[in-house]
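Engineer: Fold the following for me, if possible:
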Amino acid sequence: MIYARTFGRGQGWFTSLSSSSIPTFSPRRKIEIKVSEVTSSDSNAKKANLYAAKKERVKLPTYSGGLQGPGYHFSDFIRHPSGIEAMLNTRALESCECLDANTYRCALPKLQLLKFEAVPLLDLRVTPTNKDCVVEMLSCKFEGSEVVERQNDHFSAFMINHMTWGVDDAESFLEVDVKLNITLEVVLILMKDILIYTRPFTMLPKAAVERPGTLMMQALVDQLVPLLIQQLLQDYEEWVQEQMKNIP
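Structural biologist: Take a look at the predicted model:
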């Protein structure tokens, strides 16, 4: 299951592998297996690595409070609490908990996984400076029933978003460089009370998962990065307007 959420105002989408998208096989026998009876060592699962990346540069607007007023630089915004909230897109989250000075636990809206509900929990570290800002996804877990949480042992994800800004040919720019990695086991996630055919899935080659999975992830990242930039610049403009109101 690959999940992505936009950085827009409450907008989002996710893509999942559902039972309707799984090809039908006809082996000679079928068995019913409970999740509690299956471990990665039992299934001899192979690891599939999915990867997507996108770099985009846009013109960065500059704002001034007047000839004698202060400048409102993007670096000031990113280091302000409003900028941190914009980077985390807290308005689209169910909750956001500060774990330490620059690490946050973000809960996304619930997902429906077959017959189960799961809450994606992301631990994100935001490191802003006056020259750049790095957002790292330290962990991605699913919270829910015991069956759901057991799948965390078969899935891992890492994301890094490196933003830089400056002046090139007398024009201010913002550059966003996003890299996303997902590692999962090449087996069907076994859900309680669901009949499956064992042999075709255990024989599934990694390439059969990695190629379409990587293409899907890349398509999502290609759409998400422009939305991220658009929303961030909008939040930046709103922050500048708010700062101008406070000028005596």
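
Engineer: quick check: longest helix of this structure.
Structural biologist: For the chain, the helix with the greatest residue count under DSSP state H is helix 206-245.

Engineer: mind listing what's buried in that one?
Structural biologist: By 16 or more other Cβ atoms under 10 Å, the buried positions in helix 206-245 come out as 209-210, 213-214, 216-218, 220-221, 224-225, 228-229, 231-233, 235-236, 239-240, 243. To be clear about C-beta, it is placed using only N, CA and C from the backbone, and glycine gets the same treatment.

Engineer: Where do the helices of the chain begin and end?
Structural biologist: Ranges of helices in the chain, per DSSP H, are 40-43, 74-79, 81-88, 146-150, 198-202, 206-245.

Engineer: In TSV: those helices, plus distance to S139 and mean pLDDT.
Structural biologist: Converted to TSV, the helices of the chain look like this (distance: least, Cβ to Cβ, whole Å; pLDDT from 0 to 100):
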stretch	distance to S139	mean pLDDT
helix 40-43	18	43
helix 74-79	23	93
helix 81-88	15	92
helix 146-150	13	75
helix 198-202	27	43
helix 206-245	18	89
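
Engineer: who wins for proximity to G166 among these?
Structural biologist: Proximity to G166, assessed across the helices of the chain by Cβ to Cβ, is greatest for helix 74-79 (9.9 Å).

Engineer: thinking again about what came up before, could you dump the helices of the chain into a markdown table and include distance to V134?
Structural biologist: Output for the helices of the chain, formatted as a markdown table (distance: least, Cβ to Cβ, whole Å):
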| stretch | distance to V134 |
| --- | --- |
| helix 40-43 | 32 |
| helix 74-79 | 11 |
| helix 81-88 | 10 |
| helix 146-150 | 29 |
| helix 198-202 | 38 |
| helix 206-245 | 14 |
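
Engineer: Looking at these, which is nearest to F173?
Structural biologist: Closest to F173 of the helices of the chain is helix 74-79 (Cβ to Cβ; 10.2 Å).

Engineer: mind saving the C-alpha coords of that closest one as PDB?
Structural biologist: Coordinates of each C-alpha in helix 74-79 appear next as PDB, following Å, rounded to 0.1, in the frame of the first residue of the first chain:
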ATOM      1  CA  PHE A  74      11.700  33.500   3.100                       C
ATOM      2  CA  SER A  75      14.300  32.400   5.700                       C
ATOM      3  CA  ASP A  76      12.600  34.400   8.400                       C
ATOM      4  CA  PHE A  77       9.300  32.700   7.500                       C
ATOM      5  CA  ILE A  78      10.700  29.200   7.500                       C
ATOM      6  CA  ARG A  79      12.200  29.700  11.000                       C
END
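
Engineer: List the contacts of it.
Structural biologist: 60, 83-84, 86-87, 128-131, 133, 163, 165, 172, 174, 235-236, 239-240 (Cβ atoms under 8 Å, 6 or more residues apart in numbering).

Engineer: just checking, what packs against the longest helix of the chain?
Structural biologist: If contacts are counted by 3 or more Cβ pairs under 8 Å, 6 or more residues apart in numbering; DSSP states H and E, helix 206-245 sits against strand 2-4, strand 47-59, helix 74-79, helix 81-88, strand 171-185.

Engineer: okay, the ones you listed in JSON lines with distance to A118 and mean neighbour count next?
Structural biologist: Output for the helices and strands packed on helix 206-245, formatted as JSON lines (distance: least, Cβ to Cβ, whole Å; neighbours: other Cβ atoms under 10 Å):
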{"stretch": "strand 2-4", "distance to A118": "9", "mean neighbour count": "18"}
{"stretch": "strand 47-59", "distance to A118": "19", "mean neighbour count": "16"}
{"stretch": "helix 74-79", "distance to A118": "32", "mean neighbour count": "19"}
{"stretch": "helix 81-88", "distance to A118": "20", "mean neighbour count": "18"}
{"stretch": "strand 171-185", "distance to A118": "15", "mean neighbour count": "17"}
